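1. What follows is a predicted protein model with its sequence.
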Amino acid sequence: MPVWLSVSVALLLGPGARAQQPGGTRLLRQPTLSATSVAFEYGGDNWVASRAGGDARRLTATPAIETDPHFSPDGRWVAFTSNRSGMPQVWVIGAEGGEPRRLTWYPSPSFARGWTPDGKDVLYASDRGSAPVPYAHLWLVPADGGAPHAGGQDGDAAAKRNGHWAGRPCGRRVWTPPCGSAGRRHPRTCWAEVFG
């Protein structure tokens, strides 16, 4: 861009152009609520703040990317996704902070998606076992650690087929986005029983 054009644009915009831009932090993403707090992802880390307002506290602070925070039903824990091990895996940390615990160990990406209503298991999506074409399945892993198991009643095929979801526990069901056969999306909503 010629110098005279740059100067002209700057003069036209003038000092008022900056005043129109709101200040403060931007790009707070993926909020999740408990009865008293809100957790969110900002700058590759997870943060928590009171719903009443005030300063946010950083829950995680690593060079890794940490996303997908989800409060446990009692609000005491936050499940999240982190690539600190080299691949996205599911972790859990106390809502007040502390040392996070890794819950998933499979050599395939795993993404935190929520909790079971009783708070005993963390819901996550992973494409493990879907070769040759990767698509995410719903899995459950005990919040205190242990072996994961497939979501759905007896490995319900519908729950596995609908892994590209951003579900939230809602009673005994998890909402999944529109789905269809052979991975095609149709304008209908699918529901999958996942809590037997």
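-> All right, it came through fine. Numbering: from 1, shown residues only.
2. can you list the weak-confidence ranges in this protein?
-> 1-25, 152-196 (pLDDT under 70).
3. So residue 67 sits against residue 30, correct?
-> Yes: with contacts counted by C-beta atoms under 8 Å, residue 67 reaches residue 30, the gap being 6.2 Å. (C-beta placed from N, C-alpha, C; glycine too.)
4. what is in contact with the two at once?
-> Common neighbours of residue 67 and residue 30, counting by C-beta atoms under 8 Å, 6 or more residues apart in numbering, are residue 41.
5. out of those two, which sits in the more crowded spot?
-> residue 67 (20 against 17; other C-beta atoms under 10 Å).
6. Tell me the helices and strands packed up against whichever strand or helix holds the more buried one.
-> In this structure, residue 67 sits in strand 66-71 according to DSSP states H and E. Taking 3 or more C-beta pairs under 8 Å, 6 or more residues apart in numbering; DSSP states H and E as contact, the helices and strands that strand 66-71 lies on are strand 29-33, strand 37-42, strand 45-50, strand 77-82, strand 110-115.
7. name the helices or strands packed onto the last one?
-> Counting contacts by 3+ C-beta pairs under 8 Å, 6+ apart, strand 110-115 packs against strand 66-71, strand 77-82, strand 89-94, strand 121-126.
8. Okay, now the sheet partners of the second one, with direction.
-> Looking at strand 77-82 with DSSP bridges, its partner strands are strand 66-71 (antiparallel), strand 89-94 (antiparallel).
9. Please apply the same query to the last one.
-> With DSSP bridges as the test, strand 121-126 is paired with strand 110-115 (antiparallel), strand 137-142 (antiparallel).
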